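1. sequence plus predicted model, see below.
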Amino acid sequence: MKRRELLLNRLEEIGNSLEGKDGALLLLGLGSVGSELGRLDEYSDLDFFVIVEPGRKARFLNNLDWLEDVYPLAYSFMNTVDGHKIMFRDGIYGEYAVFEARELDNIPYRGGRIVWKHPRKEEVEVPLANDRLIPDSRQEELAYAINEALTNLYVGLCRFARGEKLSALRFVQGSAIGSILSVLHLIEKENDHFPDPFGNERRLEQRFPRFATLLGGMLLGYEHVPESALAILNFLESVYPVNERLSEEIRKLATPEECRDNKIKNNMY
């Protein structure tokens, strides 16, 4: 059986198991096993919510028989007060949370699909999304994001020069790139391919293929923060009128002194 079918079958089996447990009301698939089945593939996992009767939440968090009855678990880790990360012995990985229906008003989520609903509890209704609480990870103005990225480059390169390479990497190849991603839809036409409101980096290669070809030069790793910073600066200068003085200081920090000396000597002739 292909992984895609295995995942969907496993989720259906979890629903069947829940039907035999007192207190379970509904199983909501999310993401690629929710309403975005079109992107379900061999590398997907199970993301789901279990909705339970008031006062029954602890039962489904503390006793995982409703999962073990479907297939033995090899691993479980309670990563939040509401749920676990799990892996079944056959390698299927999943993340889930258990809620009472009223709690969903305070939980940001999107892309829900009802997989199972208690046949004798028809009155149970839950929304398939709660967009109201999803933080806006995109910006609609270039100026802030570009200038934030520029200052990330400058501070990161200062850290690198001081020997704080890990901090430098996070500023340059993390924060600066993150700022660009928040406005990339204003720079390059976006292909419609399952954008994720929780992470601009998700499926970027399909959504922004032109920018994706440049990323290799921007993400050169721990020992090559200066080279990464220069590649990012070149991109920023190509899409926005960057402050010349700040750009000059970034280039000075990112360029080895001997290279700058050779450039000065060459300019004398």
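-> It's in.
2. you'd agree residue 94 is in a strand?
-> Yes: counting by DSSP: H, G, I helix; E, B strand; the rest coil, residue 94 is part of a strand.
3. nearest residue to it in space, please, no chain neighbours.
-> Leaving aside its sequence neighbours, residue 94 sits nearest to residue 46 (C-beta to C-beta, 6 or more residues apart in numbering; 3.4 Å). (C-beta placed from N, C-alpha, C; glycine too.)
4. I'd say the one you found and residue 10 touch.
-> Yes: here residue 46 reaches residue 10: they are 6.6 Å apart, a contact under C-beta atoms under 8 Å.
5. give me the common contacts of these two.
-> Applying C-beta atoms under 8 Å, 6 or more residues apart in numbering, one finds that residue 46 and residue 10 are jointly contacted by residue 92.
6. circling back to that earlier point, contacting residues around the residue nearest to residue 94?
-> Listed by C-beta under 8 Å, 6+ apart, the contact set of residue 46 reads 7, 10-11, 29, 33, 92-96.
7. can you give me the strands in the stretch 151-269 of the chain?
-> Using DSSP state E, counting those that start in this stretch, the stretch 151-269 of the chain contains no strands.
8. where does it dip in pLDDT?
-> 199-201, 257-269 (pLDDT under 70).
9. what's the distance between residue 7 and residue 143?
-> Distance of residue 7 to residue 143, given as C-beta to C-beta, to the nearest Å: 43 Å.
10. and the two? Which one has more around it.
-> The neighbour comparison of residue 7 against residue 143 (other C-beta atoms under 10 Å) goes to residue 7, with 23 against 11.
11. please enumerate the helices of the protein.
-> Assigned by DSSP state H, the helices in the chain fall at 3-19, 57-62, 65-68, 142-162, 165-169, 177-187, 204-207, 209-218, 225-239, 244-254, 257-267.
12. which one of those lies nearest to residue 129?
-> Residue 129 lies closest to helix 3-19 among the helices of the chain, at 18.3 Å (C-beta to C-beta).
13. distance between that closest one and the chain's centre?
-> Here helix 3-19 is found 25 Å from its chain centre; the criterion is C-alpha atoms, centre = their mean, to the nearest Å.
14. what does it rub up against?
-> By C-beta under 8 Å, 6+ apart, the residues outside helix 3-19 that reach it are 1, 24, 27, 29, 33, 40-46, 48, 50, 66-67, 69-71, 88, 90, 92, 115-116, 118-119.
15. just the buried subset of those residues, please.
-> Buried by 16 or more other C-beta atoms under 10 Å: 24, 27, 29, 33, 40, 44-46, 48, 50, 66-67, 70, 88, 92, 115-116, 118, out of the contacts of helix 3-19.
16. in strands, which of those fall?
-> In strands, defined here by DSSP state E, the members of these are 24, 27, 29, 46, 48, 50, 88, 115-116.
17. of all those, which two lie farthest apart?
-> Most distant of these, by C-beta to C-beta, are 24 and 88, 19.0 Å apart.
18. doesn't residue 40 make contact with residue 33?
-> Yes: with contact defined as C-beta under 8 Å, residue 33 reaches residue 40; the gap is 6.5 Å.
19. related to what we said a few turns ago, for residue 103, which of the helices of the chain is the nearest?
-> Short answer: helix 57-62, nearest of the helices of the chain by C-beta to C-beta, at 8.5 Å.
20. would you mind listing the buried residues in the closest one?
-> Buried residues in helix 57-62, counting neighbours by 16+ other C-beta under 10 Å, are found at 57, 59-61.
21. and those, which is closest to residue 164?
-> Closest to residue 164, out of all of those and judged by C-beta to C-beta, is residue 61, at 40.9 Å.
22. residues contacting the closest one?
-> Residue 61 sits next to 78, 82-84, 98 when contact means C-beta under 8 Å, 6+ apart.
23. alright, that wraps it up for me.
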